[in-house]
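Q: Sequence first, then the predicted structure, then my questions.
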Amino acid sequence: MKTYIFNLIDNLGISKFTWIVFILCGVNMFFDGYDNMIVAYTMPQIAEEWALTKVQTGSLVSWGLLGLLFGGFSAGVLSDAIGRKKTLILSCVFYSIFCGLIYFANSFEMYALFRVLSGFGLGACLPVSITLVSESVPSKNRGLFITSLFAFFLFGWVLAGVVAMLIIPVFGWKVCYLLGLLPCFYAILLAIKLPESARWLLMKGREEAAFKIIRRMELAAKGVATDWAPGSIIIPSTQHKSVGPAALFSRQFLPVTVGLSFVYFLGSMIVYGVSGWLPSLLVAKGYSLVSGYSFAIMQNSASVVGNIVTGYCSDTYGRKKTLMFGFISLGIVVILLGYSASTAQIIVFSILVGFFSNFALTGIQPLLAESYPTEFRNTGVAYSQAFGRLGSMSGPILAGFVQTIGFGFKGTLAMFAAPALICVIILLFFKMETKGKSLEGISEEIASNDTDANKVAAPAR
């Protein structure tokens, strides 16, 4: 008797194995988050030391995001070819080394080079972690696990602020980057403890290796492992005319790829534009370094809560409703933050912006992993995230540019309500709901819709 891999994982439920995959990937994303956000807290010092313009200061964030763009897309293809585990370990080592080397940077150009190279490794971490977790958890809990994974990422943002407040006044900004070498040692633990995706192993025909992982899952869930016969566990066969990057733009997946990529692009523009500039904007507004950074830390702490809540809402009310609510709320609170007239208002609306910006952006993550089949799932996730990095890059630069033409605190922040509104409009055209469905079932639904469309389009004979 044959058993589908998704039925097996769903029946086993959440176990120690599930938590091991989740936590190991999460801690890697924690380090990733620190490396991503530390630039926002060192921007004022770097700009002063190297006499940078506003646009150059904004680009300090964007150089790393440029590396994320290329690293994310390359990692998607690599992960679908050599496996989730190997790609994640390589990315961890890569971004750690080049983050640490920034300690030795003595010019804007050298800093930019090391940030691009560090970003290349960082860009691989997110999509591979999302894909590995999505392929290892039960269908009914997938949304919550994927979005909660980003709580680790945002804890890294919070740590970056705390480290900056403690380290910069005493040792200077460069030591903050030297601490980025720590993930090199964590990569050793990943190599020892992190399991490969059983779905990916089966898809690649490595059945015995997949059985070993499945037996680990069974032992963790019920204390007994099954002696599986060859060919007894399978992945549903879905016919795709192409695989890899080309498949993302086939008739079946083009609407999903374009829609999700643009929503992720605009959401990233808001999150990185606001979070990247908020500490500097508050310092420029007259707040002390500690006060400005404290507001940003509170915002990032609220982001952690937003990540977890959006996962619950996504699994309870559906992906589309959750996303639309998130972007509508984000557009409102970012305007209110810009128009805040007192310290109390800045605190309240900074927290709400942190909550809703990541409630909205992280709410997209389950859809990214769910919309593509195992053969090129990581390629699809990585492409959408890589395209989103263009938004992450443009947000800080755009915020720096509008300040050079006269926009102040109020106008710079209120500007970010426009992309939130566009996201809501795009989401109105989304029809497919993936809540509670297996990954393979979603792929079959997309393929079935394409087949039906072809039948309608075919002339009668």
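A: Structure received. For clarity, every value in this text was computed on a predicted model and none was experimentally measured.

Q: which ones are touching the closest residue to residue 141 other than its chain neighbours?
A: Closest residue to residue 141 apart from its sequence neighbours, by C-beta to C-beta, 6 or more residues apart in numbering: residue 14 at 6.2 Å. For the C-beta atoms, the positions are set from N, CA and C on the backbone; glycine is no exception. Going by C-beta atoms under 8 Å, 6 or more residues apart in numbering, residue 14 touches 137, 138, 141.

Q: How much space separates residue 14 from residue 260?
A: Distance of residue 14 to residue 260, given as C-beta to C-beta, to the nearest Å: 27 Å.

Q: What values do phi and psi take at the residue nearest to residue 141?
A: phi -80, psi 130 (degrees, to the nearest 10).

Q: Use 10 as the first number for this chain going forward.
A: New numbering, starting at 10: the last item is residue 23.

Q: Look up how far residue 32 lies from it.
A: Using C-beta to C-beta, one obtains 13 Å as the distance from residue 23 to residue 32.

Q: Any figure for the gap between residue 161 and residue 311?
A: 16 Å.

Q: what about the stretch 360-470 of the chain, any weak spots by pLDDT?
A: 449, 452, 455-470 (pLDDT under 70).

Q: Kindly report the same for the stretch 160-309 of the chain.
A: In the predicted model, the stretch 160-309 of the chain carries pLDDT under 70 at residues 246-253, 296-302, 305.

Q: again, 90 this time
A: 160, 162-164, 166-171, 173-174, 178, 189, 212-214, 234-270, 277, 279-309 (pLDDT under 90).

Q: Just the strands from it, written as ranges.
A: 242-243 (DSSP state E, counting those that start in this stretch).

Q: Now do the contacts for residue 214.
A: So residue 214 contacts nothing (C-beta under 8 Å, 6+ apart).

Q: what are the phi and psi angles of it?
A: When read as degrees, to the nearest 10, the backbone of residue 214 gives phi 80, psi 10.

Q: Provide a complete list of residue ranges assigned to helices in the stretch 160-309 of the chain.
A: Using DSSP state H, counting those that start in this stretch, the helices of the stretch 160-309 of the chain run over 183-187, 192-202, 207-212, 216-231, 263-293, 298-326.

Q: and stretch 113-120, what's its mean pLDDT?
A: Mean pLDDT, stretch 113-120: 90.

Q: Over to stretch 85-101?
A: The average pLDDT within stretch 85-101 is 89.

Q: of the contacts of residue 23, closest to residue 18?
A: residue 147 (6.0 Å; C-beta to C-beta).

Q: Quick check: the gap between the residue lying closest to the closest one once chain neighbours are set aside and residue 139.
A: Leaving aside its chain neighbours, residue 147 sits nearest to residue 19 (4.7 Å; criterion: C-beta to C-beta, 6+ apart). Separation of residue 19 from residue 139 (C-beta to C-beta): 19 Å.

Q: For stretch 314-330, which residues meet the burial criterion?
A: 314-320, 322-324, 327-330 (16 or more other C-beta atoms under 10 Å).

Q: Excluding chain neighbours, what is closest to residue 343?
A: residue 425 (5.0 Å).

Q: Let me know how buried the one you found is, in neighbour terms.
A: Using other C-beta atoms under 10 Å, residue 425 has 26 other residues around it.

Q: wait, isn't it in contact with residue 283?
A: Yes: in this structure residue 425 lies within contact range of residue 283 using C-beta atoms under 8 Å: 5.9 Å.

Q: shared neighbours of these two, anything?
A: In contact with both residue 425 and residue 283: 343, 404, using C-beta under 8 Å, 6+ apart.

Q: Residue 19 and residue 139: which is more packed in?
A: residue 139 (26 against 16).

Q: What pLDDT is listed against the more buried one?
A: Confidence score, pLDDT, at residue 139: 86.

Q: Buried residues of the host helix or strand of it, list them for me.
A: Counting by DSSP states H and E, the element that carries residue 139 is helix 117-143. By neighbour count on 16+ other C-beta under 10 Å, the buried set for helix 117-143 is 117, 120-143.

Q: So what's the gap between it and the chain middle?
A: Distance of helix 117-143 from the chain centroid (C-alpha atoms, centre = their mean, to the nearest Å) equals 11 Å.
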